[in-house]
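Q: Give me coordinates for this.
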Amino acid sequence: MARKFLYLVAGLIVLGIVALVVFRVWSQELTELAFVPTTEFEQQAPLSENVYAASDMWFVRPGKGEMLARWQPQFVSAEGEEDKTATSEQAPAAPAERQAADGGYVVFFVHPTSYLDRSHWNAPLGDSESQRVARIFVRGLASPFGNAEEIWVPRYRQATFGAFLTDSEEAGMALDAAYQDVAAAFRYFLAETDPDLPIVLAGHSQGALHLISLLQEEIAGTPAAERIAAVYPVGWPISLERDLAALPFPQCETREQASCIASWSSFAEPADPAALLETYSASIGFDGMPRGETAILCTNPITGAANGTAPATENPGTLVPEEDMSSGSLQAGYVGARCDERGLLLIGEPPEMGSAVLPGNNYHVYDIPLFWSALKDDVAARVAAWQVAP
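A: Next comes the predicted model:
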């Protein structure tokens, strides 16, 4: 069932990035024909022991690619001019300054799907186009965590987009193989980071799914759980009734809370999430029961609280991307946010964010950019709360 839902979320971000507008009217059969691999699944060779010790297995790690994840966009006014009254660091702070500002923490970030090719079930690490798109994701989605003392973003042999359009055995094997790479990277990350520093886990879409698996298989019941200051599996549904109890951390109730899970799925209004909710309802929760109409965990990213409403005037900065998504600028007061009774995050009338808005006013592609500055503030608050926790 996870693969079915990934069709609706992880797949959508890829479709938006490549602006496949015609997909809105394609049938399921044509979609599978275009994207599902017709080749047999090729069992990936296990990664060699300590392969993640090599710097080229990371997009970002200490000493490599840090400017990618530490990019700090400029504020502009609603008229498109640079806003001299707003503040945003244009260059990353020095390590000592970052540690003083945010209390010192390390980030493990898992990027979303960037591989569409149907010639392989898993992306080859040498595929240049998927790696190019992944770097765009890292720049826009990992940069709110740019004040971390260390940022680690692994490369991994992600499942191809087409694997999420079918329930075939091959698709499941591809997803499992992708997770094994992420788990290996996480184990190396744990061994290499200062055990006294808190950890922030973050990911989006396919990356969020792998993050949730890490919580269950690598973190729950281990010493690493004590280091987790916050978990952000953004753009992935977690049922409050069927899933949350099986995870090692609770829902974030307030911004002053540490060691908790924050997530949201963004829709403009009028929202039409029927397809998403239909698949979610039929999927099986971590307790073995259908998720049905159970509410989805929803964090209001503007306030950092569970559920609730916040007007646009309280949003400190939306990252409005350029057309190719390689860059963008911050605008304060761009959108508001409210969690509805289903656990969807509604953002009001459709804001202008580019061509990657999906059917039903689904702003999944922009889950993090819509609240870029608020997320940056949220991380700092949760790390501070972790530092003073008994």
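
Q: Every contact and neighbour count from this point should use C-alpha atoms.
A: Will do.

Q: Run the chain-centre distance for stretch 45-60.
A: Centroid separation between stretch 45-60 and its chain, computed with C-alpha atoms, centre = their mean, to the nearest Å, is 22 Å.

Q: any residues touching it, and which ones?
A: The contact list for stretch 45-60, computed with C-alpha atoms under 8 Å, 6 or more residues apart in numbering, reads 61, 64-66, 68-69, 135, 151-156, 181, 184-185, 188.

Q: So which of those are in strands?
A: Among these, the residues falling in strands (DSSP state E) are 151-154.

Q: Any of the contacts of stretch 45-60 buried? List them.
A: 61, 65-66, 68-69, 135, 151-156, 181, 184-185 (16 or more other C-alpha atoms under 10 Å).

Q: which pair in these spans the largest distance?
A: 68 and 184 (22.5 Å; C-alpha to C-alpha).

Q: and residue 155, how far is that from residue 194?
A: In this view, residue 155 and residue 194 are 22 Å apart by C-alpha to C-alpha, to the nearest Å.

Q: cool, and residue 284?
A: 37 Å.

Q: Looking at the two, which has the bigger crowd around it?
A: Just comparing residue 284 and residue 194: by other C-alpha atoms under 10 Å the higher neighbour count belongs to residue 284, 16 against 13.

Q: Phi, psi for that one please.
A: phi -100, psi 130 (degrees, to the nearest 10).

Q: who's it bridged to?
A: On the basis of DSSP bridges, residue 284 is bridged to residue 290.

Q: how near is residue 259 to residue 285?
A: Residue 259 is 22 Å from residue 285, by C-alpha to C-alpha.

Q: mind checking the SS state of residue 233?
A: strand (DSSP: H, G, I helix; E, B strand; the rest coil).

Q: is it in a bridge, and if so with what?
A: Going by DSSP bridges, residue 233 is paired in beta bridges with residue 203.

Q: Any figure for the gap between it and residue 170?
A: For residue 233, the distance to residue 170 - C-alpha to C-alpha - is 25 Å.

Q: Compare the two and say which one has the larger neighbour count.
A: Neighbour comparison, residue 233 and residue 170: the larger count goes to residue 233, with 26 against 18 (by other C-alpha under 10 Å).

Q: so the more buried one sits right up against residue 206, yeah?
A: No: applying C-alpha atoms under 8 Å, one finds residue 233 not in contact with residue 206, separated by 9.4 Å.

Q: Going along the chain, name the helices of the stretch 101-250 of the chain.
A: Assigned by DSSP state H, counting those that start in this stretch, the stretch 101-250 of the chain shows helices spanning 128-137, 169-192, 206-214.

Q: Just the CA coordinates for the longest one, please, in CSV.
A: Right, the one you point to is helix 169-192. C-alpha atoms of helix 169-192 as CSV (Å, rounded to 0.1, in the frame of the first residue of the first chain):
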residue,chain,number,x,y,z
GLU,A,169,6.9,-7.5,-7.0
GLU,A,170,9.6,-5.7,-8.9
ALA,A,171,8.3,-2.3,-7.6
GLY,A,172,8.4,-3.5,-4.0
MET,A,173,11.9,-4.8,-4.5
ALA,A,174,13.0,-1.4,-6.0
LEU,A,175,11.7,0.5,-3.0
ASP,A,176,13.3,-1.8,-0.5
ALA,A,177,16.6,-1.6,-2.3
ALA,A,178,16.5,2.2,-2.2
TYR,A,179,15.8,2.1,1.5
GLN,A,180,18.8,-0.2,2.1
ASP,A,181,21.1,2.5,0.7
VAL,A,182,19.5,5.2,2.9
ALA,A,183,19.9,3.0,5.9
ALA,A,184,23.6,2.4,5.2
ALA,A,185,24.1,6.1,4.8
PHE,A,186,22.4,6.8,8.1
ARG,A,187,24.5,4.2,10.0
TYR,A,188,27.6,5.9,8.7
PHE,A,189,26.2,9.3,9.6
LEU,A,190,25.6,8.2,13.2
ALA,A,191,29.1,6.8,13.5
GLU,A,192,30.7,10.0,12.2
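
Q: could you give the angle of that helix to helix 206-214?
A: In terms of direction (axes from the mean of the first three to the mean of the last three C-alpha atoms, to 10 degrees), helix 169-192 departs from helix 206-214 by 70 degrees.

Q: Name the residues that touch helix 169-192?
A: Contacts of helix 169-192 (C-alpha under 8 Å, 6+ apart): 3, 40-41, 44, 47, 50, 52-53, 108, 110, 121-122, 152, 154, 156-160, 163-164, 210, 213-214, 218, 224.

Q: and it, average pLDDT?
A: Helix 169-192 shows a mean pLDDT of 91.

Q: In three-state terms, label the nearest residue to residue 229 once chain neighbours are set aside for me.
A: Residue nearest to residue 229 in three dimensions, not counting chain neighbours: residue 259, with 4.5 Å by C-alpha to C-alpha, 6 or more residues apart in numbering. State at residue 259, reduced to three classes by three-state DSSP: coil.

Q: residue ranges with poor pLDDT in the chain?
A: 1-38, 40-41, 78-103, 162-167 (pLDDT under 70).

Q: all strands for it, in order.
A: 58-60, 106-110, 150-154, 199-204, 228-234, 266-267, 299-300, 305-306, 309-310, 318-321, 328-331, 337-339, 345-346.

Q: tell me what the fourth one is packed against?
A: This points to strand 199-204. Judged by 3 or more C-alpha pairs under 8 Å, 6 or more residues apart in numbering; DSSP states H and E, the packing partners of strand 199-204 are strand 106-110, helix 206-214, strand 228-234.

Q: how about these in CSV, adding distance to residue 331?
A: Below are the helices and strands packed on strand 199-204 laid out as CSV (distance: least, C-alpha to C-alpha, whole Å):
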stretch, distance to residue 331
strand 106-110, 24
helix 206-214, 26
strand 228-234, 21
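
Q: follow-up on the earlier one: who has more neighbours, residue 259 and residue 285?
A: Per other C-alpha under 10 Å, whichever of residue 259 and residue 285 has more neighbours is residue 259, with 25 against 22.

Q: Return the closest of the buried ones among the contacts of stretch 45-60 with respect to residue 356.
A: residue 135 (17.2 Å).

Q: Thanks again, I'm all set now.
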